[in-house]
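I'll drop the sequence and a predicted model, then ask my questions.
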Amino acid sequence: MSDTPSKAQASPQGDVKTDLQAGLKAGTLDELYAESEHWQVNAGGETIHAKRLPGRWRRIKWLAASVWLIFFLGPYVRWDGRQAVLFDIPNRQYHLFGATVLPQDFWMLSLLLLFFAILLAVATALAGRVYCGFFCFQTVWTDIFTLIEEWLEGDPRQRRAFDRAPLSLYKVRVKSVKHLLWVLIGFATGWSFVAWFYGALPLWRDFFTGQANSAVYAFVALFTAGTYLLAGWLREQVCFWLCPYARIQGVMLDRTTLVPAYDLTRGEPRGRLRKGQDVIAGQQGDCIDCNQCVAVCPTGIDIRAGQQEGCITCALCLDACDQVMDKINRPRGLIRYASLDELEGQRVRPMLLRARVWLYVGILVLSVLGIGYGFSTLVSIELNVLHERSPLFVELSDGSIQNKYTLKVLNKSNDDLQARIAVSSPVPIEVRGIEHDLRIRHGEVTPMMVFIRIEREHLTGESIPIFFTADATLPDGTEARAERESAFFAPEP
Amino acid sequence: MADENPFPGENNTGHFWDDNIRELRNPPPRWWMIAFWLSIAWWVLYGLLYPMWPTPPWKLEQTEQQHTRGMLGWTSIQEYKQGMEQVEQVRGQYEERIAQLSADEILADPGLLQYTIASSKVVFGDYCAACHGSGGQGNPGYPVLADNDWLWGGSLGKITETITGGRKGNMIGHQNILSEQEVDTLAQFAVDLSEGREASDEAWTLFNNKGCSGCHGPDATGVLGTLPTGDVITVGAANLTDRLWRFRPGGFESAKHTILYGVNQSGVEQTRDAVMPKFGGAGSAEGRLDENQIKKLAVYVHELGGGL
């Protein structure tokens, strides 16, 4: 896209003057300044057409963005003959590779949410809005959308001209191809999202034959429209005005947080380089006011004004500035990831000495441990005991007291099982209802009624503990057991 | 309001307050106007697609106000009926099997039993719970269904009979037949038997001589005879030898009251009321439940905890 000669080609000597002149010969500096007329901080009045430059951070950005391929390809991963990860909402079960999670295990979800919330917090505290800059779907999708725009309509300058150009058949053609591609990506997004819930293969089968239910079509339509609108039209406006996370993040930064920052002491006083003029040490800072950092910014801000709301810390300005520094033969890093402490020349505290880091890490570890515990103790059967409340107890003819319980046995394994129910208590009891094994269908809750009688002379109080156990043998021979304590209620003695 | 517009050339309405506060004629934002017209278009479209516009009763026989049908032909009542049909389809299989099986057979089938209990809960709540309590725990004057004391027999057959035909116990009041002394003796007799004590010979003699054993049975258990099927022959008289009292709270005074004024005696002011209405014979004045419902209810009541 850019025809600026690289430093190596232009100046083997590495001398400032020759280097600059070589750059000027190619008209680069003029070009940069001419271009800079276009860039100003945008409050939503015009479409941002950010310049694309290759560079180190751009590569990292692609790397981070490529993680999203999992979103598109993940539903096709198979495990044990079914979709490896399937959030089967209609059947209320969630398959995560070998494990099946039922709604009863959903406390783990809160730990998972806690984990990601804290991960976001820790990432923000350490390195600002890196999530926004490198991984957020809004950033990534917008990036892809503008890439397509660049392929079809050219670089930012050409795009602006193209936008202003009168309507022509060519313009209509190019624009409609662009919007079609955008909609297609939106559709693929919605499709992939639904595939996680519906199953990728059934979705292919049902979607086009009209057999999928209306929710499927509604969700695909919603995501298609949402992606097209948000990534295609709203772009950085989402980060500015819509995203709640962007608002929260501001308060997570502190003096030690690494954020893309303009080194004020080094850059100022900034001034434009004039042809044939050298940078005179002491008179002028390193910033030559080429506005490249603004030009490449996807949210259109000027990082030299300091950390601000619109900065998504994508570090594209670092790439841009480094290239210019290379050109004028100044050291890189005029704009760099730096903390406020570092910029102000204060002592930079190492990450490991910060209490906040340890606090965050502690919570992260705890939530991971909790999830790990949950998965390692996923039992195949679960037992719940509901004590009948009306009546709480019944007096029988012989004066003994009877309580009624409804047992709910949940089979979380993938096979139908026979559950053996056993009841025990510190006092002699007579149990009715557990004579036969209970057939429990997989993925279902099977209820059963149990009556317990205690002779009058054995009643030790108004409440006597009762222990229920359910045992089942899985097809592979392992034993599954669930226990539950309940109480036997009796009238006052 | 000022006579002269102090802001000439400004697009204001001519309304001024405090010299400089005025109402402008700024148009609403474009997007707002678009949304506004879209909403109106939506409203019109909705009115065409769905039932919406009220119409007067066109035909003479129509008394209620009508409405347009809507191009989609959708109505909420229709959707409700379709939903009910689906439910009925699911239930239908069970109901069909229940109709074919006897109550005993239902009891022996765990899956069907679960369905029966679940679906009878509502019927029980509608027809039985007002007297017998939501869980069969009984009420003063109304028997507990969750215990194992069955005055009319606790087999499925007997329970079905009770629900279908109703029950009405009968015990004459003895206020003019027995002396005060005799009433006390018999009340004490009932209390003693209930609490597992030996009753005096004098009391047993009185119990037999005054005809009490005719209904309450020779051993005061309320059973007059046992059939080969295991069913018992009773006239609904209370079992005096168990811990439970038909008329709560029970005890000496309560027993005395029953002996003095009897049960279901017309003309006796303080008599005990004990009537179980008839629920069977659908179509009759009292019959409110069909055969399937009664069969299911019998199973449900049997499983409340006291089934024999």
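Nice, I can see it. Source: prediction; values computed, not measured.

nearest to chain B: which residue in the stretch 51-200 of chain A?
Among all residues of the stretch 51-200 of chain A, residue A:90 sits closest to chain B, at 15.7 Å; criterion: C-beta to the nearest C-beta. Every residue, glycine included, has its C-beta placed from N, CA and C.

secondary structure of that residue: a helix, I assume?
No. When classified by DSSP: H, G, I helix; E, B strand; the rest coil, residue A:90 is found to be coil rather than part of a helix.

tell me the pLDDT of it.
Here, the pLDDT recorded for residue A:90 equals 80.

burial count for it?
Using other C-beta atoms under 10 Å in any protein chain shown, residue A:90 has 9 neighbouring residues.

then the one 10 residues further on?
Summarising burial for residue A:100: neighbours were counted as other C-beta under 10 Å, giving 19.

what helix or strand is it on?
Residue A:100 is part of strand A:99-101, with elements assigned from DSSP states H and E.

report the distance from the longest helix along chain A to the chain centre.
In chain A, ranked by residue count with DSSP state H as the criterion, the top helix is helix A:169-198. Helix A:169-198 has its C-alpha centroid displaced from the chain centroid by 22 Å (C-alpha atoms, centre = their mean, to the nearest Å).

stretch A:478-493 close to chain B?
No. Remark: stretch A:478-493 sits outside contact range of chain B, by C-beta under 8 Å from any C-beta of the partner chain, the gap being at least 11.5 Å.

got the contact list for that stretch?
For stretch A:478-493, contacts defined as C-beta atoms under 8 Å, 6 or more residues apart in numbering or on different chains pick out A:379-385, A:387, A:392-393, A:395, A:401, A:403, A:405, A:409, A:413, A:417, A:425, A:429, A:452, A:454, A:459, A:461-474.

just the buried residues of those.
Buried members of those, counted by 16 or more other C-beta atoms under 10 Å in any protein chain shown: A:380-385, A:392-393, A:395, A:401, A:403, A:405, A:409, A:413, A:417, A:425, A:429, A:452, A:454, A:459, A:464, A:466, A:468, A:470-472.

isn't residue B:124 right up against residue B:302?
No. Here residue B:124 does not reach residue B:302: they are 12.0 Å apart, not a contact under C-beta atoms under 8 Å.

residues from chain A in reach of chain B?
Neighbours of chain B within chain A, by C-beta under 8 Å from any C-beta: A:388-391, A:394-399, A:402, A:404, A:436, A:438-439, A:447-449, A:451.

mind checking which of these land in strands?
Cross-referencing the residues of chain A next to chain B with the strands (criterion: DSSP state E) gives A:394, A:395, A:402, A:404, A:438, A:439, A:447, A:448, A:449, A:451 as the overlap.

tell me which two of those residues sit farthest apart.
Of all pairs drawn from these, the one with the longest distance (C-beta to C-beta) is A:395 and A:439, at 33.4 Å.

where do the strands sit along the stretch 201-308 of chain B?
Counting by DSSP state E, counting those that start in this stretch, the stretch 201-308 of chain B forms strands over residues B:225-226, B:232-233, B:275-276, given from the N-terminal end onward.

correction: the stretch 201-350 of chain A
Defined through DSSP E, counting those that start in this stretch, the strands belonging to the stretch 201-350 of chain A, from first to last, are A:259-262, A:335-338.

quick one: low-confidence parts of the chain?
All of this refers to chain A. When the per-residue scores of chain A are filtered using pLDDT under 70, the ranges that remain are A:1-45, A:275-282.

please go with chain B instead
B:1-3, B:58-65, B:282-286, B:308.

domain map for chain A?
Each structural domain of chain A that the record assigns through automatic domain parsing is listed here as a residue range: A:7-251, A:258-353, A:381-489.

partners of the strand holding residue A:100, with directions?
Using DSSP bridges, the neighbouring strands of strand A:99-101 in the sheet come out as strand A:93-96 (antiparallel).

contacts for the strand it pairs with next, please.
Contacts with strand A:93-96, where a contact means C-beta under 8 Å, 6+ apart, come from A:79, A:82, A:83, A:84, A:85, A:86, A:87, A:88, A:100, A:101, A:102, A:443.

equivalent analysis for stretch B:178-194, please.
Residues external to stretch B:178-194 that are found in contact with it (C-beta under 8 Å, 6+ apart): B:174, B:198-200, B:202-204, B:206-207, B:210, B:212, B:220, B:240-245, B:250-253, B:255-256, B:259-260.

so which of these are in helices?
Secondary structure assignment by DSSP H places B:202, B:203, B:204, B:206, B:207, B:252, B:253, B:255, B:256, B:259, B:260 of the contacts of stretch B:178-194 in helices.

contact residues of the stretch 151-300 of chain B facing chain A?
For the stretch 151-300 of chain B, the residues found near chain A under the criterion C-beta under 8 Å from any C-beta are B:196, B:239, B:242, B:243, B:244.

which residues does the fourth one contact?
In this structure, residue B:243 makes contact with A:395, A:396, A:397, A:398, A:399, B:194, B:195, judged by C-beta under 8 Å, 6+ apart.

in PyMOL, how would I select the buried members of those?
To isolate the buried members of the contacts of residue B:243 in PyMOL, using 16+ other C-beta under 10 Å:
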select buried, (chain A and resi 395+396+397+399) or (chain B and resi 194)
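
can you tell me which of the contacts of residue B:243 lies closest to residue A:269?
Looking at those and their distance to residue A:269, the nearest is residue A:395, at 96.2 Å (C-beta to C-beta).

what sits against the closest one?
When contacts are counted by C-beta under 8 Å, 6+ apart, residue A:395 touches A:401, A:402, A:491, B:147, B:243, B:244.

just checking, residue B:240 touches residue B:222?
Yes. When contacts are counted by C-beta under 8 Å, residue B:240 is listed as touching residue B:222 (7.2 Å).

so what sits against both of those two?
Counting by C-beta under 8 Å, 6+ apart, the shared contacts of residue B:240 and residue B:222 are residue B:216.

residues in contact with residue A:422?
If a contact means C-beta under 8 Å, 6+ apart, then residue A:422 has A:434, A:468, A:469, A:470, A:471 as its contacts.

thank you kindly, that will do.
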